[in-house]
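# take this sequence and fold it.
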Amino acid sequence: MSSNDFEQVVRLMPPPGTNYFKRQSETIFDNLRYYNVSGTWVSTLNWRCDIYVYVSGVAPNDPRFREKGGVITVMIVHQGLLEMPPTQGTSERTDFVQKVLASTSLSSIKQFPATNSASQSGDNYQYTINYQESIPLFKNHGNEVFMFDAAYKDNSTLVKTKQTGSEVTNGVQFALQYQKRVEPSTSYPLVAFSVLKFVNPAAFPVTLDFQSYEWLRPSQQVYSQVYSKKVALDLNFS
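Just a heads-up that it's a prediction; the model follows:
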């Protein structure tokens, strides 16, 4: 749920005629049901992503791409919803974890919102994403460079629930983390933003492995099944 006084900004599409750019939309999970170790349904996840790929600084077919400072930037807008059945409750903290892991090494990784970045008011935790980056992109068949000011702003409010976000080896991780629950059916928005940077175009197509699992009773290290969807990213630009 977004605050009424907060203006969402999605400025990730460069102007028409931009070279070496693409957008790819993916439904990661559609009504995915989590079950606990006893086989009881505990939640349903909907998760979709818009993936933006930018090649900057050097054309992707340049054999000295890395040496000349070329960068392939992948920005991922995550949106979705986690829903609980009416009778669901937990006696200990439970984490609903999402990961995105790349099949090759990354030169830079950022995940928003970060852990411990909430503005708290009572049981409400408000998270804000405010990302901006100036990227030197190409136009005119790769013969001209211009600066594109990419920006993404959004927020979400969680009740009695925290959101974590961190960088991990070759990817990112974020989670909805709630404590003991006594209230009935509840829905939680899934709002997150990832920035992955690559410097080796020869590694493409790259596979992004989107994973989701429930971490039940962290004190006992009990996990649900890990659900996975693999998405291929190539450097074929129409």
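
# could you use CA atoms for every contact and neighbour count after this?
Noted.

# the residue nearest to residue 200 when sequence neighbours are not counted: neighbour count?
Using CA to CA, 6 or more residues apart in numbering and skipping the chain neighbours, the partner closest in space to residue 200 is residue 66 (6.5 Å). Burial measure for residue 66: 16 neighbouring residues, criterion other CA atoms under 10 Å.

# relative to residue 58, how far out is residue 66?
Residue 66 sits at a distance of 8 Å from residue 58 (criterion: CA to CA, to the nearest Å).

# surely residue 210 is in contact with residue 229?
Yes - Residue 210 lies in contact with residue 229 (CA atoms under 8 Å); the separation is 5.2 Å.

# quickly list what's touching both of the two.
Shared contacts of residue 210 and residue 229 (CA atoms under 8 Å, 6 or more residues apart in numbering): residue 28.

# what about these two, which has more around it?
Comparing residue 210 with residue 229 by neighbour count (other CA under 10 Å), the higher total belongs to residue 210, at 21 against 14.

# and that one, that's in a helix?
No - counting by DSSP: H, G, I helix; E, B strand; the rest coil, one finds residue 210 to be strand, located in no helix.

# tell me the residue furthest from the middle of this protein?
Here the chain has its C-alpha centre computed as a mean, and the residue farthest from that point, by CA atoms, centre = their mean, is residue 143 with 32.4 Å.

# number of residues surrounding the nearest residue to residue 99 once chain neighbours are set aside?
Taking CA to CA, 6+ apart as the measure, residue 99 lies nearest to residue 173, with 4.4 Å between them; neighbours along the chain are not counted. If you count neighbours by other CA under 10 Å, residue 173 ends up with 23.
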